[in-house]
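Peer 1: build me a model:
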Amino acid sequence: MEYADFIISGSGGTEYLHPATHPASMITGDASKRFVSDTQISNWNAGGGGGVGLDYEFINSARLLEGNMGYIVDTTSSAFILNLPVAPSVGTRIGIIDAGSNFDVNNMTLRSPSVPIAGILEDLVCDIKNVSFKLIYTGLTGWQVDRSADVVINTPSDEGVNWVSISTNTIIENGNGYMVDSSTGPIIVTLPSSPSIGDRVLFVDVTSSFDINNLTINGNGQKIMGLLENMIVDTINVSFQLVFADATNGWRTLI
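Peer 2: Next up is the predicted model:
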C-alpha cells in the first residue's frame, strides 16, 4: 500500500490510506478561501489584465504614467524619471519602448516609492539600448516583468490586426499583420509614407524562409531603428512588430 498515515485513537490505531490522486472536486471554495478575489475578477473583466491592448503614447520628459498604456520613450536630450501609477489595480500593465536608441547613454528610470519593481523596493534603471518590455502589477509582489504572450498593441483607430498573406513585393498598410511567404524568392515591403505616432505593422515568417530569401523592409523615407536605411530580416521563423515613434526616431521593433 502507498502513503499510509496513522491516527492514534485510544489504545488502537486507525489506518488512513492516502489517495494516489487528488481530484479537483476535493477542493471546496468559500468566501475566505479563494484562488482569486472578486476584485481581481472585476479588474480582468473590465480589461485590466489578460489580453488587454495598449495604446502607445510618445514621451520625452519626466511624468506620472497611466495604467494600461504603452510609452514610446525618447531620452535623446537627457535622462529622466518616470513614476509608475500610485494605486494600480491587479493586472495593470505598462509598456516601454526605447524610441531614440539612447537608454544606454541617457538612462530611463522607473520609480515606484512604496511598491517593489521586479522584487526590489528601489528604482529600476533602464540602461539597455533598444529595449522594449512590459510590466504588470501583481498586488503583493508589486510590479513584475510581463512575460505573457497575449498582450497586443492597439492604436486608437485600430483595435485588432487584419492579417494578410503575401508572397510578392508589397506596399504595407498601418494596422495590418503580414504572413510573409518568401519560399520562392526574397521579398521587399515598403512601409506607409506618412505614418502617425503609434502606428504599427506586424510580420511573420510563415514559410520559415527568411534565412534563405530575406525580407527587406523599406522605410519609405522614415528611419527604422534609428537608421535611414532598409532593414534586412534574415532570421528564420521570426515574428515581430514595428511601431512608429516619431519623425526623428522612426520605426522601432517590438518583439
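Peer 1: now do the strands in the stretch 101-250 of the chain.
Peer 2: Taking DSSP state E, counting those that start in this stretch as the criterion, the stretch 101-250 of the chain contains strands spanning 108-111, 124-126, 132-137, 143-145, 152-154, 162-166, 170-171, 176-180, 187-190, 200-205, 215-218, 231-233, 239-246, 250-254.
Peer 1: worst average pLDDT in those strands?
Peer 2: Among these, strand 152-154 carries the lowest mean pLDDT, a mean of 38.
Peer 1: now the residue nearest to Val238 when sequence neighbours are not counted, which residues is it bridged with?
Peer 2: When the adjacent residues along the chain are set aside, Val238 lies closest to Asp205, with 5.3 Å between them (Cβ to Cβ, 6 or more residues apart in numbering). The way it works is simple: take the backbone N, C-alpha and C, and place the C-beta from them, glycine included. Applying DSSP bridges to Asp205 gives these bridge partners: Val180.
Peer 1: same thing with Arg200?
Peer 2: Under DSSP bridges, the residues paired with Arg200 across the bridge are Val243.
Peer 1: got a list of what it touches?
Peer 2: Applying Cβ atoms under 8 Å, 6 or more residues apart in numbering to Arg200 gives the contacts Tyr56, Ile153, Thr155, Asn174, Gly175, Gln241, Leu242, Val243, Phe244, Leu254.
Peer 1: for Leu84, same thing?
Peer 2: Residues in contact with Leu84, defined by Cβ under 8 Å, 6+ apart, are Leu65, Ile94, Leu110, Arg111, Ser112, Val115, Ile117, Leu135, Trp143.
Peer 1: please convert the buried members of those into ChimeraX selection syntax.
Peer 2: Buried subset of these, written as a ChimeraX selection, criterion 16 or more other Cβ atoms under 10 Å:
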select :65,94,110,111,112,115,117,135,143
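Peer 1: what number of residues lie near the residue nearest to Val238?
Peer 2: Per other Cβ atoms under 10 Å, the neighbour tally for Asp205 reads 22.
Peer 1: wait, isn't it in contact with Asn237?
Peer 2: Yes: counting by Cβ atoms under 8 Å, a contact exists between Asp205 and Asn237, whose distance comes to 5.4 Å.
Peer 1: quick one: the helices in this structure?
Peer 2: Counting by DSSP state H, the chain has these helices, from start to end: 38-45.
Peer 1: so where's it shaky on pLDDT?
Peer 2: In the predicted model of the chain, residues 1-53, 146-160, 255 satisfy pLDDT under 70.
Peer 1: how is it carved up into domains?
Peer 2: 44-152, 156-254 (automatic domain parsing).
Peer 1: let's check: the centremost residue of the chain is which one?
Peer 2: Of all residues in the chain, the one closest to the mean position by Cα atoms, centre = their mean is Lys134, 4.7 Å from it.
Peer 1: quick check: that one touching Ile94?
Peer 2: Yes: shown here, Lys134 and Ile94 form a contact pair, counting by Cβ under 8 Å, at 6.6 Å.
Peer 1: what sits in contact with each of those two?
Peer 2: Gly70.
Peer 1: what's the closest of the strands of the stretch 101-250 of the chain to Asn83?
Peer 2: When the strands of the stretch 101-250 of the chain are ranked by distance to Asn83, counting by Cβ to Cβ, first place goes to strand 108-111 at 5.0 Å.
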